[in-house]
Structures are given as structure tokens and as C-alpha cells.
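Chemist: coordinates for the following, if possible.
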Amino acid sequence: MLRYLSFTVAALLGALSLSAEIPQEKDFEGYLFTYFTSTGNTGTEEAIRFAVSDDGYNFHALNGNYPVISSADISQTGGVRDPHILRGPDNCFYMTVTDMVAANGWDSNRGMVLLKSCDLINWTHSVVNIQQKYTGQENLKRVWAPQTIYDPEAGKFLIYWSMKYGDGPDTIYYAYANDDFTDIVGVPKPFFIPGDKQSCIDGDIVYKDGVYHLFYKTEEHGNGIKSATTRSLTSGVWNEQPDYKQQTDKAVEGAGTFKLIGQDKYILMYDVYMDGKYDFTESTDLVHFKNTDKKVTMDFHPRHGTVIPITGPEMKRLREKWGNVSHSQK
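Modeler: Numbers count the residues shown, from 1 in each chain. The predicted structure follows:
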């Protein structure tokens, strides 16, 4: 039997008591990888899965590599892709996913799903359908890869994602989330437009030393990962890096960046989607990358996901709920 996350008021009230104290880096003992897996682009594969790691290189799927949340329960399309997870300043967890089944066509989706949990076990969710929420969206073709970052200047969660209208390029937009993280407020605005005005998708932001580093895919013109930096998220002022960051000549997407616990080193991982594999590269400055010299192992085949550090009690809670014994690819 598949074991999906459930939500009850009692469970949420209990989880809130866990969120009072914000962990520091010294408190982290492992990593949580959120991902989906899709070899045939079907709704059963397009669902949120979890894996854990003690060292950031060797990951083991939880729940036998089955979904931990039912896509049918949370989405309009029946499938979700590109899960991004963030620990907020309130020590709760915020997840965004693309509401989409690729078998219906790459131009078939119009929205995203927002999820929140204070214990990583029980999640609330809500759908944001851009075409239904706003007028004048008749030419909207797709809404892809939403991610969240806390904007300290605004004191709010900023959600950014790519959208394509008509024959125009995919462009990364943003909007702030409401206080309950159940919707976006205001009209989405352009967030990042590269100097060449061409398509960009799969934005992923890392903050380091006062600078926000945005990694993104050059969709349909290079199909690689570039980066741009800014000191203010909504300023519209970006410094673009000219080089590609991936360390392969294969097409890649789905950049996910995380800091190794206790080290001045960052991992940039990405989906080598044409080959069905994942690559890990490393950097100390988020500018220059090289292939990691560590062996990376996974007992599952992920697509476009993200990794965050977690504490010992959080790791224990996840393993007690879902275990970490993997079965064959599901």
C-alpha cells in the first residue's frame, strides 16, 4: 500500500511546537532531497518523493521510492514536477511544485501548488492557477518550476517561476506569497530577463555574502545552466555571468544548489535529462565549478529536485515515518 502524507488539525498543532527554535548550521546532521521521477512522463511518476543523506553525496530513497504525497490529492492536473523545498525563518518548511502532467503536452499546464509543513510529515496545500486567477491570460502556455526564497527587505516569501505567452520566450516572473502561503498576491511581475531576451527557466537562488546567485537554464538555446547575481531580489538589476556552469557537454536542466554542512563548499547538481542521470559539481565561490571528486550514489533516479540540510531529530522523524529501504525504480 502506498503511504501518503496526511493532514490533521491535531497533527498540525503538534507540529507547530517543533517550529519555535531555528536550527543553526552546527545543528544539521544530514540532508533531505525532494524530487520526482519520470521516465514515461505519467502522473504516477510525477509526484513528490523524498530521499535522505548523511553526507550530501550518498542518498537513499524514503518510502521505497514511492510518492510521499499523492499528486491526485493536491493538483489540478493529476501530476506535479520540480519540487523545491525551503526552510523558512519560522522553521517551517515551504514547498512549491509545477502542477503538470507532461504526457498532456509541454504547453498544457497553467499553475503551481504551494505546500507548507512544520514537521516535514503533515502538509497543507493549495493550487494557484494563473489563468484562472487573473484576466488577460488567454495566451498563457505554461507555468514552470516555481521556487521560493524569503525576501528580508519585504519580510515575505517571494515565489519565482517561468511563464511563456504565445510565441514569446519563457520568462522568470515573481510574486509574493500571502501570509498563509496559500496564494500569491498582486499581479506577477518579470523577475529576471537575460540580456539576450531569450528563454530562461528553472531558476534557483542561493544567498552568499550579501549576494543572491540565480542559476537558470537557457531553454532551447544551449540547454545549459548560466548564472546572474543581484544584491536586491526585486531591483531588476542583475550581473550576468557569460559562461555555462555545467561540467558536461550534455543538455542539462533543473539546477539545485546547496551548501555542504560545516564546509565552505557548495554543490550545484543538475538533471542530465537526455541521459537519465544526475551530475554533482562543486564550488567555493558559486562562480567557478568543477566536477566533484566524491562518489555520488543514489538508489533511485531523480528528476529536477532540491536539497536542504536537516537536523538529527528531523532525520529521525522522516525515517520513522517512511523508512529508508529502497525498492526498484517506481
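Chemist: look up the residues forming beta bridges with the closest residue to residue 54 other than its chain neighbours.
Modeler: Excluding the flanking residues, the one nearest residue 54 by Cβ to Cβ, 6 or more residues apart in numbering is residue 30, at 4.9 Å. From N, CA and C alone the C-beta is placed, and that goes for glycine too. With DSSP bridges as the criterion, residue 30 is bridged to residue 310.
Chemist: so residue 30 sits right up against residue 310, yeah?
Modeler: Yes - if you go by Cβ atoms under 8 Å, residue 30 and residue 310 touch, sitting 5.6 Å apart.
Chemist: between the two, which one's more packed in?
Modeler: residue 310 (24 against 20; other Cβ atoms under 10 Å).
Chemist: mean confidence (pLDDT) on stretch 196-212, please.
Modeler: Across stretch 196-212, the average pLDDT comes to 97.
Chemist: so what's the residue nearest to residue 54 up against?
Modeler: 52-54, 309-310, 312, 315 (Cβ atoms under 8 Å, 6 or more residues apart in numbering).
Chemist: of all those residues, which comes closest to residue 170?
Modeler: residue 309 (30.4 Å; Cβ to Cβ).
Chemist: follow-up on the earlier one: any residues in contact with both of residue 30 and residue 310?
Modeler: residue 52.
Chemist: please name the bridge partners of the residue lying closest to residue 75 once chain neighbours are set aside.
Modeler: Residue nearest to residue 75 in three dimensions, not counting chain neighbours: residue 99, with 4.7 Å by Cβ to Cβ, 6+ apart. Counting by DSSP bridges, residue 99 is bridged to residue 80, residue 111.
Chemist: what distance do you get for residue 99 to residue 303?
Modeler: As judged by Cβ to Cβ, to the nearest Å, residue 99 and residue 303 stand 16 Å apart.
Chemist: so for those two, which residue has more residues nearby?
Modeler: residue 99 (25 against 22).
Chemist: what sits against the more buried one?
Modeler: 75-77, 79-80, 109-113, 127, 129, 143.
Chemist: ditto for residue 114
Modeler: Taking Cβ under 8 Å, 6+ apart as the test, what residue 114 contacts is 94-96, 125-126, 128, 159, 177, 181-183.
Chemist: with residue 306 instead?
Modeler: Counted by Cβ under 8 Å, 6+ apart, residue 306 has contacts 33-35, 83-85, 147, 204, 256, 258.
Chemist: in TSV: those, plus distance to residue 271.
Modeler: Formatted as TSV, the contacts of residue 306 follow (distance: Cβ to Cβ, whole Å):
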residue	distance to residue 271
33	13
34	13
35	9
83	12
84	13
85	16
147	15
204	12
256	9
258	15
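Chemist: pick out the most distant pair among these.
Modeler: 33 and 147 (15.2 Å).
Chemist: mind listing the strands for the stretch 201-330 of the chain?
Modeler: Applying DSSP state E, counting those that start in this stretch to the stretch 201-330 of the chain gives strands spanning 201-208, 211-217, 225-230, 239-240, 253-259, 266-272, 277-283, 290-291, 297-298, 303-311.
Chemist: re earlier: any chance of the contacts of residue 30 in CSV with pLDDT and distance to residue 21 as columns?
Modeler: Putting the contacts of residue 30 into CSV (pLDDT from 0 to 100; distance: Cβ to Cβ, whole Å) gives the following:
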residue, pLDDT, distance to residue 21
52, 98, 21
53, 98, 23
54, 97, 22
309, 98, 15
310, 98, 14
312, 97, 14
315, 97, 16
